[in-house]
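**Q** sequence first, then the predicted structure:
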Amino acid sequence: RVRKREVPCRHDINILTPCFLSIFESLVPTKDEIVKQEQLLFSLRNLVTKEWPNAELHLYGSCANSFGVSNSDIDVCLAINNSELSKLDILLRLADILKSGNLQNVQALPHARVPIVKLMDPVTGISCDICINNLLAVINTKLLKDYAQVDKRLRQLAFIVKHWAKCRQVNETYQGTLSSYAYVLMCIHFLQSRKPAILPCLQGMKVTYKAVVDDIEYSYYDQVEKLHNFGAHNKESIAQLLWAFFHYWAYKHDYTKDVISVRIAGSISKHAKDWTRRIGNDRHLICIEDPFEVTHDLGRVVDKFSIKILREEFERAADILQYDPNPTVTLFEPY
Ligand code: ATP
Ligand code: MG
């Protein structure tokens, strides 16, 4: 491991860039798909506001953070202020309202970690999960979308990493591997740490955006159109970055000591966060701080078995990019 930490990237890595870019292009949703998502949101809004005129429906997750691949489900959040109904009652009532519309497989899941109503729209063929008042997810969706607009290499890198994670079956939180959201944060942190940096730390800049959720204020700099040239001094290609990303997680990250944080664009010690030992189900074997819910470790789902699988997959990916004759194929071979 010590030896591999120091290996330089293969000298001809850039010949892989066109191929990785075409993989990225093939994953991006079509205009037609985006239109269908908007149609579905429009009809859901119609149904919901008939019952609750002041309620709002927000898109969140990958369909709104610009990291969604083609044919994804959509995530919707119902924002509602209703003191008469409990959250459970709202969920059940929502399911009834949706059943009265032209929607299929409407199902309330009140006991899920995040309670939702699931449905399928027969007109567009799109599936959808609706949660209630999960406004922090709407805010982190905006943060990710804003980062994506600063430098196009973030979206390219994250799409390829997410695609790799799906192919290699390490994007399954119920099996102890990482969520898509965690992988995007790992990509943002990585690009913030390049020298020169490719991404800034939006939460460390002048505040231009504020939102209040449950009496707590969340804020950051969101005038990203002014940051278009931020990463221009760094000329690294997507192939170089992909290699360096996997190389970092395979050989350089200090799993025993470090927490990665997009909020500060660097690492914090596990000791400082008191994330050094297992507490309940939180094992902290790989630590990724949520940018807003700072006590929340997105690596908490990882256990002593899945950490081994994850690290072996990072090493496999780094070694393929280094030595394999056909890396753009081998990297994505199904697990
Ligand atoms: P995919 O394309 O795989 O569906 P996604 O970004 O939609 O990717 P989900 O796992 O469906 O990922 O999560 C949807 C959204 O919910 C995320 O974008 C994020 O805003 C929020 N979210 C998911 N997991 C967490 C978490 N552990 N903590 C906080 N927010 C989360
Ligand atoms: Mg999703």
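**A** Now that the structure is in, tell me what you want to look at. Ligands and ions are numbered 1, 2, ... in the order given.

**Q** hey, let's count contacts and neighbours off CA atoms from now on
**A** Noted.

**Q** did I read that right, residue 315 in a helix?
**A** Yes - per DSSP: H, G, I helix; E, B strand; the rest coil, residue 315 lies within a helix segment.

**Q** the closest residue to ligand 1 within the stretch 101-250 of the chain: what secondary structure?
**A** Residue nearest to ligand 1 within the stretch 101-250 of the chain: residue 137 (4.0 Å; C-alpha to the nearest ligand atom). Of the three states, residue 137 takes helix under three-state DSSP.

**Q** quick one: the strands in this structure, in order.
**A** Along the chain, the segments classed as strands by DSSP state E run 56-60, 74-79, 104-109, 116-120, 127-132, 209-213, 216-220, 258-261, 266-269, 287-289.

**Q** what packs against the shortest one?
**A** Right, the one you point to is strand 287-289. For strand 287-289, the elements it packs on are helix 180-193, strand 258-261, judged by 3 or more C-alpha pairs under 8 Å, 6 or more residues apart in numbering; DSSP states H and E.

**Q** from what I can see residue 264 touches residue 204, true?
**A** Yes - taking C-alpha atoms under 8 Å as the definition, residue 264 is a contact partner of residue 204 at 6.7 Å.

**Q** tell me the pLDDT of the residue in the stretch 1-150 of the chain that ligand 1 sits nearest to.
**A** Going by C-alpha to the nearest ligand atom, ligand 1 is nearest to residue 61 of the stretch 1-150 of the chain, at 3.3 Å. With respect to pLDDT, residue 61 scores 97.

**Q** please enumerate the helices of the stretch 1-150 of the chain.
**A** Ranges of helices in the stretch 1-150 of the chain, per DSSP state H, counting those that start in this stretch, are 2-5, 17-27, 31-51, 62-65, 87-100, 135-150.

**Q** what residues sit buried inside the second one?
**A** Of the residues in helix 17-27, those scored as buried under the neighbour-count criterion (16 or more other C-alpha atoms under 10 Å) are 17, 20-21, 23-24, 27.

**Q** quick one: residue 75 and residue 60 touch, right?
**A** Yes - with contacts counted by C-alpha under 8 Å, residue 75 reaches residue 60, the gap being 5.5 Å.

**Q** the two: which has the busier surroundings?
**A** residue 60 (23 against 20; other C-alpha atoms under 10 Å).

**Q** residues in contact with that one?
**A** Applying C-alpha atoms under 8 Å, 6 or more residues apart in numbering to residue 60 gives the contacts 74-77, 137-138, 141.

**Q** residue 75 now?
**A** 59-63, 128-131.

**Q** who does it bridge with?
**A** On the basis of DSSP bridges, residue 75 is bridged to residue 60, residue 129.

**Q** reformat the helices and strands packed on strand 287-289 as JSON lines; add mean neighbour count.
**A** JSON lines is the format used below for the helices and strands packed on strand 287-289 (neighbours: other C-alpha atoms under 10 Å):
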{"stretch": "helix 180-193", "mean neighbour count": "22"}
{"stretch": "strand 258-261", "mean neighbour count": "24"}
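
**Q** which one of those lies nearest to residue 241?
**A** Among the helices and strands packed on strand 287-289, the nearest to residue 241 by C-alpha to C-alpha is helix 180-193 (8.5 Å).

**Q** show residues contacting the closest one.
**A** By C-alpha under 8 Å, 6+ apart, helix 180-193 touches 144, 147, 154, 157-158, 161-162, 171, 197-201, 245, 260-262, 265-266, 288, 298-299.

**Q** likewise for stretch 235-242?
**A** With C-alpha under 8 Å, 6+ apart, stretch 235-242 has contacts from 9, 13-14, 16-17, 20-21, 153, 156-157.

**Q** what would the residues you listed look like in a markdown table with distance to residue 278?
**A** What follows is the contacts of stretch 235-242, written out as a markdown table (distance: C-alpha to C-alpha, whole Å):
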| residue | distance to residue 278 |
| --- | --- |
| 9 | 36 |
| 13 | 40 |
| 14 | 42 |
| 16 | 41 |
| 17 | 41 |
| 20 | 39 |
| 21 | 40 |
| 153 | 36 |
| 156 | 35 |
| 157 | 32 |
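
**Q** returning to that earlier point: now, of the contacts of residue 60, which are buried?
**A** Counted by 16+ other C-alpha under 10 Å, the contacts of residue 60 give 74-77, 138, 141 as buried.

**Q** cheers, nothing more for now.
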